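K.L.:
Whatever this is, show me its structure:
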Amino acid sequence: MKPQTLTVGFVALARTTFDIELAQRVAEQARASLQAAGFLLTGPETLVTNLEETEVAAQQLAQSPPDLLLAFQATFADSTMLADLAARVDAPLLLWAVPEALTGERLRLNSLCGINLGAFALKRRGLSYEYSYAPPDDAGVVEKVRVLAQAGQLRHLLRSARIGRVGENPDGFEPCALNEPALKALLGVEIVQLTLEEVFARVRAMKPDAVDATLTTLRQRIDDLETLDQQALRGTLATYLTLREIATQLNLDGLAVRCWPQFFTELGCAACGAMSMLSDEQVPCSCEADINGNITQLLLQWLSGEPAFGTDMVSFDIEADTAVFWHCGLAPLSMADPTVRPRGTVHSNRKLPFLMEFPLKPGRVTLARLTDAGSGHGLRLVVGGGEMLRAPRSFSGTSGVIRFDEPARNVLDTIMGEGLDHHICLTYGDHLAPLLKLAGMLALPVLYLGKS
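P.N.:
Model (predicted):
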């Protein structure tokens, strides 16, 4: 799923004893600046000046909650309207007050005092908010609205997310274990359990014509397919078609798949290539039935509008200040370095196809991981960033060389000192700000890679 248009519930609060004409103009300026930035505004287009009007606006907004509720303090008003909005509308809240000229004459708006009074009431009620104090066309406020709305949208999407879990995590792979009650309570994510046996049965029953068509299309993007065991290759492609069909039928946003050893030993092929293809189509797939990784991939995909990749950290070069991310052959094709033609290959240990083989493209990346690592912490969000460097493949399969924002030694110390998961997730671009806002909304503690 690609990011949807960000929706802002815009409510301009005012009191009629102040300069209503000026209040209307500044509210219209704020609305125009947000609409020009691409936001979809909901809520009343006129000033809200009493509690009755506020209740009507709140009822309408509550029926389809926006990604962000923006209370624009067009003039001073008492706290009753703001408190009513905040209590009724399930969305993060931004209070926006505007400065006015120091004329030595009448105080025409008294906007700042309005959000000050409102903040007191909200804090007393245990309600969260953020604020801005800036002109109605301020670019910084527009960016703040974007970040908060992105985080609010992520929170909404999580509450309706459905992830398929195929099989169970392997013994000894504790980071991939499922804590369904915690995920449901905190995030709202629903887990749909599937067995390997039912998936294998559907793979074996996949129509040969569908596999043929997929193979024809894939040959346009991947080299060396003809060198692979064709029966095993077709098994991977049938797996891709089956998992895609299941995701559509069950309305799944992602899939966490027990990929080994059963795919090799019982189905005679690798699942890696199938999961790479699905992730590339923005149905993120994680291996080893890694549910927390899959949720993180979803978050990153929703933010970037591009595929996300769950990977191992397999090497650190402290002197070069770099590290290597690698996973069998699981990375989405769109992450391939455009100067290198991807090729098909076999699993390095099991010697069966089909896997992708290419180095990751250079560019800015955001790193994240939902984790329950450590003792007594509960769920936390691990975050970081860095630059993926143009480099040859470090190992067979898909891999990339990264330079973190923090020193590589510090990142490794964080991973080992905190006992973090062996998987980390990445997507291209800088998306740290909305991730941090989301963590705040969910009361998730944040752990920065490489920072003490």
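
K.L.:
Low-confidence ranges, this structure, go.
P.N.:
Within the chain, the segments meeting pLDDT under 70 span 1-3.

K.L.:
Quick one: residues contacting the residue nearest the centre of it.
P.N.:
Nearest to the geometric centre of the chain sits Leu299, at 1.6 Å (CA atoms, centre = their mean). Neighbour list for Leu299: Leu154, Leu158, Ala368, Leu370, Leu435, Leu438 [criterion: CB atoms under 8 Å, 6 or more residues apart in numbering]. C-beta here means a position set from N, CA and C on the backbone, and glycine is covered the same way.

K.L.:
Name the next helix or strand downstream of the helix or strand harbouring it, please.
P.N.:
Using DSSP states H and E, Leu299 falls within helix 291-304. Later in the chain than helix 291-304, the nearest helix or strand by DSSP H and E is strand 309-317.

K.L.:
Buried residues, that following strand. List them.
P.N.:
Neighbour counts over strand 309-317 (16 or more other CB atoms under 10 Å) mark Phe309, Gly310, Thr311, Asp312, Met313, Phe316 as buried.

K.L.:
now stretch 406-420
P.N.:
Within stretch 406-420, the residues that qualify as buried are Glu406, Ala408, Asn410, Val411, Leu412, Thr414, Ile415, Glu418, Leu420, counting by 16+ other CB under 10 Å.

K.L.:
What segments of the stretch 201-350 of the chain are strands?
P.N.:
Along the stretch 201-350 of the chain, counting by DSSP state E, counting those that start in this stretch, strands occupy 254-257, 285-287, 309-317, 322-327, 343-345.

K.L.:
Please dump those into CSV; it should also carry distance to Ser276 for every row.
P.N.:
Shown next, in CSV, are the strands of the stretch 201-350 of the chain (distance: least, CB to CB, whole Å):
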stretch, distance to Ser276
strand 254-257, 12
strand 285-287, 8
strand 309-317, 9
strand 322-327, 9
strand 343-345, 11
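
K.L.:
who wins for proximity to Leu93 among these?
P.N.:
strand 254-257 (29.6 Å; CB to CB).

K.L.:
so how far is that closest one from its chain's centroid?
P.N.:
Chain-centre distance of strand 254-257: 15 Å, with CA atoms, centre = their mean, to the nearest Å.

K.L.:
would you list the contacts of Leu299 in TSV and tack on distance to Cys328, neighbour count and secondary structure?
P.N.:
Formatted as TSV, these follow (distance: CB to CB, whole Å; neighbours: other CB atoms under 10 Å; DSSP: H, G, I helix; E, B strand; the rest coil):
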residue	distance to Cys328	neighbour count	secondary structure
Leu154	29	24	helix
Leu158	28	20	helix
Ala368	21	28	strand
Leu370	22	25	strand
Leu435	27	24	helix
Leu438	30	24	helix
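
K.L.:
quick check, nearest of those residues to Phe200?
P.N.:
Phe200 lies nearest to Leu370 out of the contacts of Leu299, by CB to CB, at 28.9 Å.

K.L.:
Name whatever forms a beta bridge with the closest one.
P.N.:
Bridge pairing for Leu370 (DSSP bridges) gives the partners Leu381.

K.L.:
ok, it touching Val383?
P.N.:
No - using CB atoms under 8 Å, Leu370 makes no contact with Val383, being 10.4 Å away.

K.L.:
And Leu117, how close does it get to Leu85?
P.N.:
Separation of Leu117 from Leu85 (CB to CB, to the nearest Å): 14 Å.

K.L.:
Trp260 too?
P.N.:
Counting by CB to CB, the gap from Trp260 to Leu85 is 52 Å.

K.L.:
Would you mind telling me which of the two has more residues around it?
P.N.:
Leu85 (25 against 18; other CB atoms under 10 Å).

K.L.:
Let me see the contact set for that one.
P.N.:
By CB under 8 Å, 6+ apart, the neighbours of Leu85 are Val11, Thr54, Ala57, Ala58, Leu61, Leu69, Ala71, Leu93.

K.L.:
does the second one count as helix, strand or coil?
P.N.:
Three-state call for Thr54 (DSSP: H, G, I helix; E, B strand; the rest coil): helix.

K.L.:
residues near it, how many?
P.N.:
Neighbours of Thr54 (other CB under 10 Å): 23.

K.L.:
Would you mind measuring from it to Arg125?
P.N.:
From Thr54 to Arg125 the distance is 16 Å (CB to CB).

K.L.:
for the first one, same thing?
P.N.:
The span separating Val11 from Arg125 equals 18 Å under the rule CB to CB.

K.L.:
Those two: who's more crowded?
P.N.:
Comparing Val11 with Arg125 by other CB under 10 Å, the one with more neighbours is Val11, at 26 against 11.

K.L.:
Spit out the contact partners of the residue nearest to the more buried one when sequence neighbours are not counted.
P.N.:
Leaving aside its chain neighbours, Val11 sits nearest to Gly43 (4.9 Å; criterion: CB to CB, 6 or more residues apart in numbering). Residues near Gly43 by CB under 8 Å, 6+ apart: Gly9, Phe10, Val11, Ala57, Gln60, Leu61, Pro66.

K.L.:
ok, of these, which come out buried?
P.N.:
Using 16+ other CB under 10 Å as the threshold, Gly9, Phe10, Val11, Ala57, Leu61, Pro66 are the buried ones among the contacts of Gly43.

K.L.:
For Ile402, pull up the helix or strand it's in.
P.N.:
Residue-wise, Ile402 maps onto strand 398-404 under DSSP H and E.
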